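A.B. asks: curious how this folds, go ahead:
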Amino acid sequence: MSYLGAFAVIIGVYMIWREYSLFTGREVLVCRSFSRAVMDYREKMICYMVSPKEWAENYSDECLSEIGFLDALREGANFKEAYGAVCDKLCITDELNSVLSGCFDRLGEGYLETELKTLDVAIEKLRCEEIRLSESVSKRRKATGAVLGAFAVGTVILII
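C.D. replies: Numbers count the residues shown, from 1 in each chain. Got it, this is the predicted structure:
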């Protein structure tokens, strides 16, 4: 019976670590999704001068669709309104939030050259933030795995 309890503790700790890993990986996924979207919009804006609504109708991303960002754009909202509607649903860092809100606040206010500069700055900041987040998430996963593993081993020793 004690072996069954030890096995249950190990499985439970593994499930906790797995859920934590998925949760922290979501930050990187959101950053990567917005980065790709901004790059794609920049490309479409240069070539075809599409509006946010037209762009969103032809763009697909599972993460951005899931949070409702693309749906808000498809309904006619501009980038600032669409991001404002979904930013409360996102679990992102303050740095990423400031990059995205700064980009979307200024988008649509100027000429093409101004828009391109705004998008270029946002793309560069999003790339840097994605790299920083990837490294941070990797370190947090390892540290959490080590702590949870030590907890599991200690609990198993006590049970047996």
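A.B. asks: tell me the confidence at the residue nearest the centre of the chain?
C.D. replies: Central residue of the chain (CA atoms, centre = their mean): V30, 1.7 Å from the mean position. V30 carries a pLDDT value of 94.
A.B. asks: what's the neighbour count on C91?
C.D. replies: C91 is flanked by 9 other residues according to other CB atoms under 10 Å. The C-beta positions use only the backbone N, C-alpha and C, and glycine is treated the same way.
A.B. asks: and what about it, helix, strand or coil?
C.D. replies: When classified by DSSP: H, G, I helix; E, B strand; the rest coil, C91 comes out as coil.
A.B. asks: and what of the one 4 residues further on?
C.D. replies: Reducing the assignment at E95 to three states with three-state DSSP gives helix.
A.B. asks: what's whichever helix or strand R140 is part of packed up against?
C.D. replies: Assessed by DSSP states H and E, R140 sits inside helix 112-159. In terms of contacts (3 or more CB pairs under 8 Å, 6 or more residues apart in numbering; DSSP states H and E), helix 112-159 is packed against helix 2-48, helix 94-106.
A.B. asks: just put those in CSV and tack on distance to S138.
C.D. replies: Below are these laid out as CSV (distance: least, CB to CB, whole Å):
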stretch, distance to S138
helix 2-48, 9
helix 94-106, 17
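A.B. asks: re earlier: isn't the residue nearest to the centre of the chain up against T93?
C.D. replies: No - contact criterion CB atoms under 8 Å: V30 and T93 do not qualify, at 9.9 Å.
A.B. asks: list the residues that contact both of those two?
C.D. replies: Common contact partners of V30 and T93 (CB atoms under 8 Å, 6 or more residues apart in numbering): none.
A.B. asks: ok, S101 - contacts?
C.D. replies: Contacts of S101 by CB under 8 Å, 6+ apart are 83, 87.
A.B. asks: try 7 Å this time
C.D. replies: Residues near S101 by CB atoms under 7 Å, 6 or more residues apart in numbering: Y83.
A.B. asks: and L112, how far from Y48?
C.D. replies: The spacing between L112 and Y48, counted by CB to CB, to the nearest Å, is 12 Å.
A.B. asks: average model confidence for the helix holding R140?
C.D. replies: Rounded mean pLDDT across helix 112-159 is 93.
A.B. asks: what do you get for stretch 8-26?
C.D. replies: Mean predicted lDDT for stretch 8-26 stands at 94.
A.B. asks: list the buried residues for it?
C.D. replies: By neighbour count with 16 or more other CB atoms under 10 Å, stretch 8-26 contains the buried residues 9, 13, 17, 24.
A.B. asks: good, wrapping up.
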